[in-house]
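In: Sequence and predicted structure, then a few things I'm wondering about:
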Amino acid sequence: MALVPSSAIDGALMSEVDMGGASDPSTVTVRATVVQASTVFYDTPATIDKAERLIAEAAGYGSQLVVFPEAFIGGYPRGSTFGATIGSRSDKGKEDFRKYHASAIDVPGSEVDRLAAMAGKYRVFLVMGVIERSGFTLYCTVLFFDSQGRYLGKHRKIMPTALERVIWGFGDGSTIPVYETHLGKIGALICWENRMPLLRTALYGKGVEIYCAPTADAREVWQASMTHIALEGGCFVLSSNQFCRRRDYPQAPDYVFGGVEEELSPDSVVCSGGSVIISPSGAVLAGPNHEGEGLLSADLDLGEIVKAKFDFDVVGHYSRPEVLRLVVEDHPLNPVSFASGRLS
């Protein structure tokens, strides 16, 4: 389906999910939407208000699953250096981090409660990219909500890329979920995590059918990765990115795009999106959109997964566990544990 501008969504409502008598999940068709829109940077309440407007528009178009970009709530601090060089961090960089920390959300917390209520209000399964605050450490996280308004859980990015490692902590194997829902089995990896073959294999091993890939990568080569994952995993891939202009960030000197600030006008595009939906056969169902903010929607026929797996099932008939196996450590890794109550 072609791009539907976020300011001009109309058309007839789609029918309810066809459950196929609940006996054959491969007969299910799901209307899914990926959101391409920018954060209201340093203003989390306004960003959540914007998210609700976009969810309402998607639901009005019949969507049952809505996927938001990486770090939509809290913001992706594109271009910022946080004043960090080897052996030094500037006072301004520390203040930038303080403001960024203040824009993040606690999980659980009041913002999570509001997102859950929005998912229930609009009867959508919601996948939301956030910056999670846990004490004084931040994580790039995806939150999952069902259409009954329940918070299901989260995935924390396990490997931030490059300078992201200065500002975000590392997730562990305890937050790599795949949720079995009436829409299908849904999971997510974030941005360049999707280039980690073993991490993808962990999702395949959990049976992911609708593979969500919130990202900050707008490059053309990203599309090749998304197509490969759809073919490799025999799954639908939903990649959602922000579309941002310089004016979507605070003005300099409050916020500076390191090294290029003087070259940017308010209308300069600093992230061109590229959101896309791809089928298990590698067909592009919607997008990629590099033109502006908008919603991209497509109907996902889960029967296409069965057909794709007949050709190639990476953890099924095409696997060779006697030669190649993956072991995933999926327990939480805590830096501090207490022996209180143990017998000496």
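Out: Yes, it's here. Residues are numbered from 1 along each chain as shown.

In: Burial check on residue 256, number of neighbours?
Out: Counted with other C-beta atoms under 10 Å, the neighbours of residue 256 add up to 19. The C-beta positions use only the backbone N, C-alpha and C, and glycine is treated the same way.

In: Sorry, slip of the keys, the one I care about is residue 297.
Out: 25.

In: what do you get for residue 240?
Out: 31.

In: That one against residue 34, yeah?
Out: Yes - the pair residue 240 / residue 34 is scored as a contact, 4.1 Å apart, by C-beta atoms under 8 Å.

In: Need the residues touching each of the two.
Out: 67, 275 (C-beta atoms under 8 Å, 6 or more residues apart in numbering).

In: buried set for stretch 50-60?
Out: Residues 50-51, 54-55, 57-59 are the ones in stretch 50-60 that count as buried (16 or more other C-beta atoms under 10 Å).

In: Repeat that for stretch 29-47.
Out: Buried-residue list, stretch 29-47, by 16+ other C-beta under 10 Å: 29-42, 44, 47.

In: Which ones among those map onto helices?
Out: Judged by DSSP state H, the buried residues of stretch 29-47 include 44, 47 as members of helices.

In: Quick check, central residue of the protein?
Out: residue 214 (2.9 Å; C-alpha atoms, centre = their mean).

In: for the stretch 1-150 of the chain, what are the low-confidence residue spans?
Out: 1-23 (pLDDT under 70).

In: quick one: residue 122 from residue 65, how far?
Out: From residue 122 across to residue 65, the span is 11 Å (C-beta to C-beta, to the nearest Å).

In: So the two - more neighbours on which side?
Out: residue 65 (25 against 20).

In: Would you agree the more buried one is in contact with residue 124?
Out: Yes - taking contacts as C-beta under 8 Å, residue 65 lies within contact range of residue 124: 6.5 Å.

In: thinking again about what came up before, tell me the SS of the residue nearest to the centre of the chain?
Out: Secondary structure state of residue 214, per DSSP: H, G, I helix; E, B strand; the rest coil, is strand.

In: Need the pLDDT of the residue nearest to residue 269 when sequence neighbours are not counted.
Out: Nearest in space to residue 269, with sequence neighbours left out and distances taken as C-beta to C-beta, 6 or more residues apart in numbering, is residue 245 at 5.7 Å. Here the pLDDT value assigned to residue 245 is 97.

In: Could I get the buried residue list for stretch 305-315?
Out: Using 16+ other C-beta under 10 Å as the burial criterion, the residues of stretch 305-315 that qualify are 305, 308-309, 314-315.

In: among those residues, which are in helices?
Out: Going by DSSP H, the helices hold 305, 308-309 from these.

In: residue contacts, residue 168?
Out: For residue 168, the contacting residues are 131, 138-140, 157, 160, by C-beta under 8 Å, 6+ apart.

In: How about it: what's its closest non-neighbour residue?
Out: Closest to residue 168 by C-beta to C-beta, 6+ apart is residue 160, at 4.5 Å.

In: Give me the distance between the one you found and residue 166.
Out: Counting by C-beta to C-beta, the gap from residue 160 to residue 166 is 9 Å.
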